[in-house]
Every structure is written in structure tokens, then in C-alpha cells.
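Mind folding the following:
(2 chains)
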Number of protein chains: 2
Amino acid sequence: MGNEDQREGILFVVSAPSGAGKTSLCRELIDTFPEIGQSVSFTTRSMRAGERDGVDYHFVDHLVFERMIAANQFAEWARVHGNLYGTALNTLEQATEQGIDLLLDIDYQGAAQLKKNCTQGVFIFILPPDLSELERRLRSRGTDSDEVIRRRHEVAREEIAQAVWYDYLVVNDDLTSAVDKIKSIVTAERCRSVRSGELLQQIIK
Amino acid sequence: MGNEDQREGILFVVSAPSGAGKTSLCRELIDTFPEIGQSVSFTTRSMRAGERDGVDYHFVDHLVFERMIAANQFAEWARVHGNLYGTALNTLEQATEQGIDLLLDIDYQGAAQLKKNCTQGVFIFILPPDLSELERRLRSRGTDSDEVIRRRHEVAREEIAQAVWYDYLVVNDDLTSAVDKIKSIVTAERCRSVRSGELLQQIIK
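Residues are numbered from 1 along each chain as shown, chains lettered A, B, ... in the order given. Take a look at the predicted model:
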């Protein structure tokens, strides 16, 4: 899983409001670049049927998780429906050192914590073409009530306002074009000269 | 030649040591993105058969060129074989304001002047896979003597040392892969959030 140039691994952090199509985009990205790893989070929630410890999550109990928080071992963590979820700094540091690029699919609050702790990360925000389109997509799922959709719409508005501090914005108005953009960001970031000091030495030598 | 997001035009500056394959790469880039303009330089050299004023160059006499230098009207200029060549600041500013992306194919000394005068530019350096490969390419042209090739090799070494201050490095070990990288840089730069302030406003509105 290393790479030809012996550069450090890059951390790609992807966020999006619900319904912007992030899951499909991330899947396409991993299909194109199978060498990109996906970070395995820690969680206190119970393992579900079919899940494997260390693959889907690192399953730990509350006490272990709280100790990790106290020891500043998380790059980001959050409480969701009473369960704790977190990305260990150690996971990210190991990948970086081993030259493995990582994809982190995470909400803007987690991303904001990461931004503070991992200044080298590449932050990508997926945007719906506009909020009415987002509403259409949420409705077309047919799983949510009007009230839920209205609230999601408000939340999306707040989330989109956060996009300003991300490095890249990708508008998902057309899947093919959005996939091309996100792939291009990965390829371009791998070419950044700040990551290629050793490459130059090799060529001159 | 504008663009959907009403963002400002981006200046892409491409440099490479002789023999690194820059010309083919730039041609492929323009084929893919025909909306990218190419900056028309000013020169004091005589117009050649087939050239058109204002298309290939803006042909001016020495006096006009010297006045433009004195009035700080050049983003970069250089003397080559007794003739003066320069890129007008005005050309770049107009393109930026009109939302037109520009490609500038220029040596590292010109690029260094541009970097000082146009901090918003995107600087891309094309690298040969290694210096022996560069030598092989120069030899395969069959047009240069050993002495000329040896000197070019030394010059290339100096030029490559300049690559450190460019934003991106693209190794031209394989044309298809190098073309993909340079296209990706263009696409990714267009997604940078610093260029997309208005886009966010549109989506939220």
C-alpha cells in the first residue's frame, strides 16, 4: 500500500450535508484508488451482526474510550445517540509515516477538530447544487416526513456555511463530473511540491 | 470563455527543463480545456512569415518595450538573443477579471518574476524522470552535439533545483499519466474554496 515516491501519506477528509451524495462519491473514489485506506474508528456502541472488530470499528467499552480521551489520543471524537465515536491520532500518524493515503468520511464538527489536530490534512466539502435540489433528493428517498425534511434543510444550511474553511468545494450537480473533480483533487494533491522533497533529490542524483 | 461560477480566472504557469516534454503536455492540456486562454507576449523581435500581430505576439519596437519596462507594465520580461520578450500585467489582470484561465509556458526565471508579481498564480514544474532520461531524449532528437548536450544537462540540473518553490511537480515518466496529472491540477485548482466564495452564497440563497 506504499507509493513510488516514498512521500508521506495524505489525509483526505470528506464532509457533506446529508443527501449531497457523499457515499456514492467516496465509493467511486476508493474504486479508482484502491490503495487509499479507510481509517477504522473507535466506538463504544455494540457490534452488529456481520461487523468485525478492527475492520468496521475498533469496539471498546466506555472506560477505555474515556481514558483515550483523557490521554488526548483522539484526533476527533463525538457522542452520537449516547455512543462515542472517535478517530485515533495514532491511526492517522501510522498511515502518514507508512506513506498510506487515508480517506475520512466525517461530519463538519469532526472535521473541525481534525483541522486543529492535523494541519496537513486535505479538507473536501461536497455540496448539493442548491438547497431545493437537496430537498428533492431527501424527498425522493421517501423515508422521511415533511417535518424531518424541513429540519434537515435547516441543518444543511448551517453545514454549508461551514464549507468556507475547507480546502476544496465539489458541487455534486452531476455524478460523473463530481467524481472527476474529487479524483483530480487526490491526484493533484499527490503532485504538490511540499510532499515531493525526496523526489527532486532522486532526479538530480 | 467565461465560466459557470463567475469566479476569477486562474493563471497556470508551466516550466520545465528543455527535453522534459512540456510542449506536448501543454498541447494536450489545451485540447482538453479549450476554454483556457494562452497569454500573448510582447516582443521586439521581427515578425516571421505566418505570424500575426496580436495573435502570436504583440510586436513592438525597442522604444515602446523600454517604456513599458520603465512604467512597470510587465509581470515578467527577459532578453533572449538580443530581443526582448515580456508578459504584460494588463493581459493577466484582464483575464483574471473576465474569469478566463490562462496558461503561461515560461522558463523558471520568468516564472520567478511572475511569482513575485502575481501571488495568485498556480506554478507547475514538469520534471524528466531522471537526468539520464533527459539526456537520452536530447540525444534522440539528433540535432545537438555532445558539447551542447553536456551543457544542457548542467543547465537542466540548475533548473530542476528551482522546482522546489513551484506549487506542483509533475514527473513526465509516462505521457498519459503526466497529462492526467496536469489536467487534475487544473480541475482541482478550480475547486479550491478560496476561489468559490460566490458559489456558496448561490447555494445557500
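
Enumerate the residues of chain A near chain B.
A:125, A:127-131, A:157, A:160-161, A:163-171, A:180-181, A:183-189, A:191-193, A:196-197, A:199-200, A:202-204 (C-beta under 8 Å from any C-beta of the partner chain). Bear in mind the C-beta positions are built from the backbone N, C-alpha and C, glycine included.

Buried subset of those as a PyMOL selection?
Buried residues among the residues of chain A next to chain B (16 or more other C-beta atoms under 10 Å in any protein chain shown), as a PyMOL selection:
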select buried, chain A and resi 125+127+128+129+130+131+160+163+166+167+168+169+170+171+180+181+183+184+185+186+187+188+189+191+192+193+196+199+200+203
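
In strands only, show me the residues of chain A next to chain B.
A:125, A:127, A:168-171 (DSSP state E).

Could you export those residues as a markdown table, including pLDDT and distance to B:D56?
Output for these, formatted as a markdown table (pLDDT from 0 to 100; distance: C-beta to C-beta, whole Å):
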| residue | pLDDT | distance to B:D56 |
| --- | --- | --- |
| A:F125 | 95 | 42 |
| A:L127 | 90 | 41 |
| A:Y168 | 96 | 36 |
| A:L169 | 94 | 37 |
| A:V170 | 94 | 38 |
| A:V171 | 91 | 37 |
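
what about A:C26, neighbour count?
By other C-beta atoms under 10 Å in any protein chain shown, the residues close to A:C26 number 21.

Could you do the one 4 residues further on as well?
Other residues lying near A:I30 total 14 when counted by other C-beta under 10 Å.

Same check on the one 4 residues further on?
In terms of burial, A:P34 registers 8 neighbours under the definition other C-beta under 10 Å.

One more: the one 3 residues further on?
Here the number of neighbours of A:G37 (other C-beta under 10 Å) works out to 17.

Isn't it up against A:I100?
Yes - with contact defined as C-beta atoms under 8 Å, A:G37 counts as touching A:I100 (5.0 Å).

residue ranges of the helices in chain A, please?
Under the criterion DSSP state H, chain A contains helices at A:22-32, A:62-70, A:89-97, A:108-117, A:131-141, A:146-161, A:175-190, A:197-204.

any idea which of those helices is most buried?
helix A:175-190 (a mean of 20; mean count of other C-beta atoms under 10 Å in any protein chain shown).

That one packs against which elements?
strand A:11-15, helix A:22-32, strand A:122-127, strand A:168-171, helix B:175-190 (3 or more C-beta pairs under 8 Å, 6 or more residues apart in numbering or on different chains; DSSP states H and E).

wait, which of these is closest to A:T87?
strand A:11-15 (9.8 Å; C-beta to C-beta).

Test my guess that A:V179 contacts A:L29.
Yes - judged on C-beta under 8 Å, A:V179 makes contact with A:L29 at a distance of 7.3 Å.
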